[in-house]
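Visitor: I would like the atomic coordinates for the input below:
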Amino acid sequence: MPDHGAPACSLCLFHAVCGVAETGGTPAPASSMRLQPERLTVRAGDFVFRQGRPALTVYPLRAGSAKQVYESPLGWRQVTGFALPGDVLGLEPHEAPQHSTTAVALQDSVVCAVSVETLRESMAAPPFRIAALEVMRRNAERERTLLVAVGSMKAPQRMAMLLLDLAGEQARRHGRQDGTLTLAMSRSDIASLLGLTLETVSRLLSRFASVGLIAVRQRRLRIIDPTGLASIYADLGADAQRPARERDPGAEFAPGVTMCRVA
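Guide: Predicted coordinates:
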């Protein structure tokens, strides 16, 4: 994840119709713009919205980051994705009457509140509708990729996929190609998303660092060898076609490489 100090209005789906975005954060006169969203500050660990509550509002993420969590009827919780500035929390491909997940701020964040009625009105404009459908298509593709990874890939492939995805999103949104990420999510959140244990996530990050794929210092991570990560992600051998059990991540690398401690 990139640093999130600057607002991401230019990345927002509603940018073209938003008075706040056009005026750098100060609402424009009501007559000049149709959309005047309320801006809310959400502290780290607080809910943006809760699963099962009426879906009356969507929340463009202006600054910060969030995770989306699904809770099953039996009480199991699963992280289903991470949101970055410019994403719209609560945006669904169908008009569900209730939120299908819970959104939790990973760090102090700022969101805008846009009513579902306003979203529907905006969808009547072809350019906005095309942009919204493209966002939902891209989100669905990322979800499918994650589903395949969790269901059929080995643990190192899943971790490589996540790191490459985060780096790709940073490049797409900000044009940055240096591979430097700030991981606002915890390792427990990463483990939940990828269907791994916390211990496996820690071992994989250490192993990736020890063989020169990445450098990690606390929550800062830099991808040193994207080609190497891509080769791990693409390792679709026979074993990867079966539902994967968690394996010792060291088995995926050359023998004799020692583990290193990640700061």
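Visitor: For the stretch 1-150 of the chain, which residues score under the pLDDT cut-off?
Guide: 1-7, 20-34 (pLDDT under 70).
Visitor: how does it look with 90?
Guide: 1-37, 91-97, 120-124, 138-139, 142 (pLDDT under 90).
Visitor: Which parts of it are strands?
Guide: Secondary structure of the stretch 1-150 of the chain (DSSP state E, counting those that start in this stretch): strands at 38-42, 47-49, 57-63, 66-71, 77-83, 88-89, 102-105, 109-115.
Visitor: any idea of the pLDDT on residue 179?
Guide: The pLDDT attached to residue 179 in the predicted structure is 78.
Visitor: So which of the strands of the stretch 1-150 of the chain is nearest residue 178?
Guide: strand 77-83 (19.8 Å; CB to CB). All C-beta spots, glycine's among them, are computed from the backbone N, C-alpha and C.
Visitor: quick check: angle from the closest one to strand 66-71?
Guide: Computed with axes from the mean of the first three to the mean of the last three CA atoms, to 10 degrees, the direction of strand 77-83 lies at 150 degrees from that of strand 66-71.
Visitor: mind listing what strand 77-83 pairs with, with the direction of each?
Guide: strand 66-71 (antiparallel) (DSSP bridges).
Visitor: what's next to the partner strand, contact-wise?
Guide: Strand 66-71 has contacts (CB atoms under 8 Å, 6 or more residues apart in numbering) with 42, 48, 51, 77-83, 89, 100-106, 109, 185, 189.
Visitor: circling back to that earlier point, make TSV out of the strands of the stretch 1-150 of the chain and add distance to residue 193 and mean neighbour count.
Guide: As requested, the strands of the stretch 1-150 of the chain are arranged in TSV below (distance: least, CB to CB, whole Å; neighbours: other CB atoms under 10 Å):
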stretch	distance to residue 193	mean neighbour count
strand 38-42	20	15
strand 47-49	18	20
strand 57-63	18	24
strand 66-71	8	20
strand 77-83	4	18
strand 88-89	16	22
strand 102-105	13	22
strand 109-115	18	22
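Visitor: where's the residue nearest in space to the middle of the chain relative to residue 75, distance?
Guide: Nearest to the mean C-alpha position of the chain, by CA atoms, centre = their mean, lies residue 82 at 2.6 Å. Distance of residue 82 to residue 75, computed by CB to CB, to the nearest Å: 22 Å.
Visitor: ditto for residue 119
Guide: Counting by CB to CB - residue 119 and residue 75 are separated by 31 Å.
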